[in-house]
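Q: coords below, sequence missing:
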């Protein structure tokens, strides 16, 4: 069997923080990122691509708000908005990747799967919503929406007097159609799946699939998918070339290689920010713990350059 690499596109792989978010910007970023995946295909890897959706689903939610307030168009629930973003981003990645493959004279089939991800309805995250989504409201607007829609709001520390809706971020426990993903990948098809962490759903007492108002961490869901399809390597493409310890301090240090135990120790010591690198590190550790060979965190446009990227393995590489 060939080796499978799961590549999670995030950070500036699709949209940089200083950009407006136009389709032209997203398409150029996506093209630049996908060019970096060609070397994995040249080296014989079968690819599964996942992606984030933070800015895009945020825009969808704001269109939801505008449509309701201006044109009285009923709002769609969060699971539909996540599915909407999966379809749109997946289509963009697939179309652009077809053109990149054509340029490099590589023949591959590509398929995009709108992916549901199972969570537990009893997950403790449902009692403590933390994931900020959508636009910023005033306290008065937030109170009205909380009363009328049952939404939960928390003050946005980055904007004084601003409040944002928060939703649970439960742990993913299974990826629906994961066997299909593995089968297609091992046949040589490039699969785009589990976008934005997947559409969060749960199974009720009768086994029926139900939606929940939640957002699943993209890196955690991608690592789970990588484990379930027995991938060999897991890549997180973000906006920094390396992982650092003591980040922002005078003794800041680049880490290029880490084994499992050292990485776990640094995580437990709080070396990685909870709102930044810590979730990515946990995802990498989960993948290694479940049998993965190597996890890599690197800048989106530097994947092919092996001088960049932090590599995490169970033991140090030779």
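A: Noted; the coordinates are in hand. None of these values were measured; they are calculated from a predicted model.

Q: residue contacts, residue 233?
A: 3, 4, 5, 6, 45, 292, 293, 294, 295, 296 (Cβ atoms under 8 Å, 6 or more residues apart in numbering). To be clear about C-beta, it is placed using only N, CA and C from the backbone, and glycine gets the same treatment.

Q: one more time with 10 Å, if that's ok
A: 3-7, 40, 45, 226, 287, 292-296, 311, 313 (Cβ atoms under 10 Å, 6 or more residues apart in numbering).

Q: and residue 140, by the same measure?
A: Residue 140 is in contact with residue 163, counting by Cβ under 10 Å, 6+ apart.

Q: ok, 8 Å please
A: Residue 140 neighbours (Cβ under 8 Å, 6+ apart): none.

Q: can you check residue 74 too?
A: Contact analysis of residue 74 by Cβ under 8 Å, 6+ apart lists residue 68.

Q: any idea how far it is from residue 10?
A: 31 Å (Cβ to Cβ, to the nearest Å).

Q: sketch out the low-pLDDT regions of this protein for me.
A: For the chain, the stretches with pLDDT under 70 are 1, 11-12, 316-318.

Q: what about the nearest residue to residue 114 once chain neighbours are set aside, neighbour count?
A: Take residue 114 and drop its neighbours on the chain: the residue closest to it by Cβ to Cβ, 6 or more residues apart in numbering is residue 86, 5.1 Å away. By the measure other Cβ atoms under 10 Å, the count of residues near residue 86 is 27.

Q: correct me if wrong: residue 156 contacts residue 137.
A: No - Residue 156 sits out of contact with residue 137 when judged by Cβ atoms under 8 Å, with a separation of 9.2 Å.

Q: name the residues contacting each of these two.
A: By the contact definition Cβ under 8 Å, 6+ apart, residue 156 and residue 137 are jointly contacted by 162, 163, 164.

Q: three-state assignment of the last one?
A: This means residue 164. strand (DSSP: H, G, I helix; E, B strand; the rest coil).

Q: list the contacts for the residue nearest in space to the middle of the chain?
A: Geometric centre of the chain, nearest residue: residue 218, 2.7 Å, by Cα atoms, centre = their mean. By Cβ under 8 Å, 6+ apart, the residues touching residue 218 are 8, 10, 50, 51, 52, 53, 194, 196, 197.

Q: that older thread, highest neighbour count among the shared contacts of residue 156 and residue 137?
A: That'd be residue 163 among these, by other Cβ under 10 Å, with 22 neighbours.

Q: picking that back up, any idea which of the shared contacts of residue 156 and residue 137 is closest to residue 126?
A: The closest of the shared contacts of residue 156 and residue 137 to residue 126 turns out to be residue 164 (Cβ to Cβ; 18.3 Å).

Q: what sits opposite that closest one in the beta ladder?
A: Residue 164 has the following beta-bridge partners by DSSP bridges: residue 136, residue 154.

Q: check which element follows the helix or strand that contains residue 94 along the chain.
A: Taking DSSP states H and E as the criterion, residue 94 maps to helix 78-103. Next along the chain after helix 78-103, taking DSSP H and E as the criterion, comes strand 110-112.

Q: got a list of contacts for that next one?
A: Under the contact criterion Cβ under 8 Å, 6+ apart, strand 110-112 has outside partners 87, 90-91, 93-94, 97-98, 101, 184, 189-193.

Q: from the residues you listed, which would you call buried?
A: Using 16 or more other Cβ atoms under 10 Å as the burial test, these include 90, 93, 97, 101, 184, 189, 190, 191, 192, 193 as buried.

Q: mind picking the two most distant members of these?
A: Greatest spatial distance among the buried ones among the contacts of strand 110-112 (Cβ to Cβ): 101 and 193, at 18.1 Å.

Q: break this protein into its domains for me.
A: Domain assignment for the chain, taken from automatic domain parsing, gives 4-121+173-313, 129-167.

Q: please name the residues that touch the nearest residue to residue 2 once chain neighbours are set aside.
A: In space, and not counting its chain neighbours, residue 2 is closest to residue 46: 5.1 Å by Cβ to Cβ, 6+ apart. For residue 46, the contact set (Cβ under 8 Å, 6+ apart) comprises 2, 3, 4, 5, 185, 186, 188, 190.
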